[in-house]
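Novice: Okay, sequence plus prediction incoming.
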Number of protein chains: 2
Amino acid sequence: MTTELRPLQALTLWREVTLDLVRDGEPDLSARQMAILLTIYLEPPPHTVRGLAKRLGVTKPAITRALDTMGKMALVSRRRDEVDRRNVIVQRTVKGALSVERLGDLVVARSKDLPR
Amino acid sequence: MTTELRPLQALTLWREVTLDLVRDGEPDLSARQMAILLTIYLEPPPHTVRGLAKRLGVTKPAITRALDTMGKMALVSRRRDEVDRRNVIVQRTVKGALSVERLGDLVVARSKDLPR
DNA sequence: GGGAAAGAATACGGATCCGAAACGATCGGA
DNA sequence: TCCGATCGTTTCGGATCCGTATTCTTTCCC
């Protein structure tokens, strides 16, 4: 189906999900980190630092730093590309998958009681 | 209507809007700042630091800092409550209203071409 | 009037972030 | 082989963020 959100509904949805993310105790992901996480989990691999930088429109060091932080959180992991050892492949993790899944459920739940 | 988003659609929507926010050049708002902004613009005033802190489940200094930053960005403003001068009232601004409006349009637009 | 309580801001030390620039490692073509 | 291009990381100075604890003003109430 084609979803028919109106602006007030859209904003309400965005606010409630954001509030849930702020309140859940977990350290907040920045917009960049969120974009990286969802790109990795929604788009087919492989994902490289350069590819993510280009897609997000930010510099490579910004991606490296975000991956450092998200790596500590165990949301993503990295490994060398053995075919071309210059590349680093960004990989999914169990915890990252669970986190993404939870976000999906959150948005679905919040979309169910929007103002008319 | 009751929106019927499925998890993959929800995640795709969240990803594309987040990507738009990252790519638009404006400095990214943190999750807390976004929650504050949307609360101020979607809920009836008045909004105080304490009230926002309680609603977001974070400390008051975190709210003060977020308001400092968003004040510099001209997304919100502050004034003393003349009735009870201990309180600070958080107010909307033209730029903030435009920013919120743009986000609403963004979510609406991205919700229109979601995968079946 | 005086002290407790409330509200917001400030100080602190530590962590993270930013873009730009420099740096190694690796690859690939002449 | 060697030299340029590519890829990711590191470094730099400066800004922002975190939570805790403290400070300052104002209000409330005995």
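Specialist: Okay, I see it. The shown structure was predicted, so the numbers you read here are calculated from the model rather than taken from an experiment.

Novice: Give me the buried stretch members for stretch A:95-109, please.
Specialist: Buried positions in stretch A:95-109, judged by neighbour count with 16 or more other CB atoms under 10 Å in any protein chain shown: A:96, A:99-100, A:103-104, A:106-108. The C-beta positions use only the backbone N, C-alpha and C, and glycine is treated the same way.

Novice: Tell me which entries of those lie within helices.
Specialist: With helices taken from DSSP state H, the overlap with these comprises A:96, A:99-100, A:103-104, A:106-108.

Novice: Redo those residues as TSV? Include distance to A:P7.
Specialist: Shown next, in TSV, are these (distance: CB to CB, whole Å):
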residue	distance to A:P7
A:G96	32
A:S99	29
A:V100	26
A:L103	22
A:G104	23
A:L106	21
A:V107	17
A:V108	20
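
Novice: how about the residues you listed, which pair is most distant?
Specialist: Distances among these were taken as CB to CB; the most separated pair is A:G96 and A:V108, at 18.9 Å.

Novice: contacting residues around the closest residue in space to A:D20 that isn't next to it in sequence?
Specialist: Leaving aside its sequence neighbours, A:D20 sits nearest to A:L106 (CB to CB, 6 or more residues apart in numbering or on different chains; 5.5 Å). Under the criterion of CB atoms under 8 Å, 6 or more residues apart in numbering or on different chains, the neighbours of A:L106 are A:17, A:20-21.

Novice: need the contact list for the nearest residue to A:R50 once chain neighbours are set aside.
Specialist: Leaving aside its sequence neighbours, A:R50 sits nearest to A:K60 (CB to CB, 6+ apart; 6.5 Å). Applying CB under 8 Å, 6+ apart, we find A:K60 in contact with A:49-50, A:53.

Novice: so which strand or helix has the closest residue to A:R110 other than its chain neighbours?
Specialist: With CB to CB, 6+ apart as the criterion, A:R110 has its nearest non-adjacent residue at 4.6 Å, and that residue is A:E16. Of the helices and strands defined by DSSP states H and E, A:E16 is found in helix A:7-23.

Novice: Ok, A:I89 next?
Specialist: Here A:I89 sits within strand A:88-92, counting by DSSP H and E.

Novice: Buried residues of that strand, list them for me.
Specialist: Of the residues in strand A:88-92, those with enough neighbours to count as buried (16+ other CB under 10 Å) are A:88-90, A:92.

Novice: now stretch A:36-44
Specialist: Taking 16+ other CB under 10 Å as the neighbour-count basis, stretch A:36-44 is seen to contain the buried residues A:36-42.
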